[in-house]
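> sequence first, predicted coordinates after that:
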Amino acid sequence: DVQLQASGGGLVQPGGSLRLSCSVSGFTLDDHAVGWFRQAPGKERERVSYFNHIGDETYYADSVKGRFTISSDRAKNTVYLQMNNLKPEDTAVYYCAVGSRQTILTMTPYKWGQGTLVTVSS
């Protein structure tokens, strides 16, 4: 059974940093992608970033480019999202998901993880 465990959310002041982790079990990431998505209150879920283990391709939404960095530790089957210079508009529930690159792009992944709340506020 595929399980995704997202962690690392919390309350941080504007300009601060957090690192989210997405630990995947029951599934080998080598031929797949892991994406991070977020959903703010009253807004639709949006794609933030993904790491495609085929070719180590990465993607970032324009709103987070230069501030967020995605990485993968294959040995731990875990994908990280380092978030720096956080802004109040980054406040959302963050979800990770696993699938093919195409399913990540279309936001129809094989499996969603549970969310982790990130709150950016002074």
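Yep, it's here.

> can you pull out the strands in the protein?
3-7, 10-12, 18-25, 33-39, 46-52, 57-60, 68-73, 78-83, 92-99, 111-112, 116-120 (DSSP state E).

> please write out the alpha-carbon positions of stretch 61-76 in CSV.
In CSV, the C-alpha atoms belonging to stretch 61-76 read as follows (Å, rounded to 0.1, in the frame of the first residue of the first chain):
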residue,chain,number,x,y,z
ALA,A,61,5.5,27.9,-9.9
ASP,A,62,6.4,31.5,-10.7
SER,A,63,5.2,32.6,-7.3
VAL,A,64,7.9,30.5,-5.5
LYS,A,65,10.8,30.6,-8.0
GLY,A,66,14.0,31.7,-6.3
ARG,A,67,12.6,31.1,-2.8
PHE,A,68,11.7,27.4,-2.8
THR,A,69,14.0,24.5,-3.6
ILE,A,70,12.9,20.9,-4.1
SER,A,71,15.2,18.0,-3.6
SER,A,72,15.1,14.2,-3.3
ASP,A,73,16.9,11.7,-1.1
ARG,A,74,16.4,8.5,-3.0
ALA,A,75,17.9,6.4,-0.2
LYS,A,76,15.3,7.7,2.2
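
> that one - what's its average pLDDT?
The average pLDDT within stretch 61-76 is 97.

> then stretch 11-27?
On average, stretch 11-27 scores 96.

> distance between the ends of it?
One end of stretch 11-27 to the other measures 31 Å (CA to CA, to the nearest Å).

> in that stretch, what's buried?
V12, L18, L20, S21, C22, S23, V24, F27 (16 or more other CB atoms under 10 Å). Glycine gets a C-beta too; all of them are placed from N, C-alpha and C.

> OK, contacts around the spatially closest residue to R47 that is not a sequence neighbour?
Closest residue to R47 in three dimensions, ignoring its sequence neighbours and counting by CB to CB, 6 or more residues apart in numbering: F37, at 5.4 Å. Each residue near F37 by CB atoms under 8 Å, 6 or more residues apart in numbering is listed here: R45, E46, R47, V48, Y94, Y95, C96, A97, M107.

> good, we can wrap up now.
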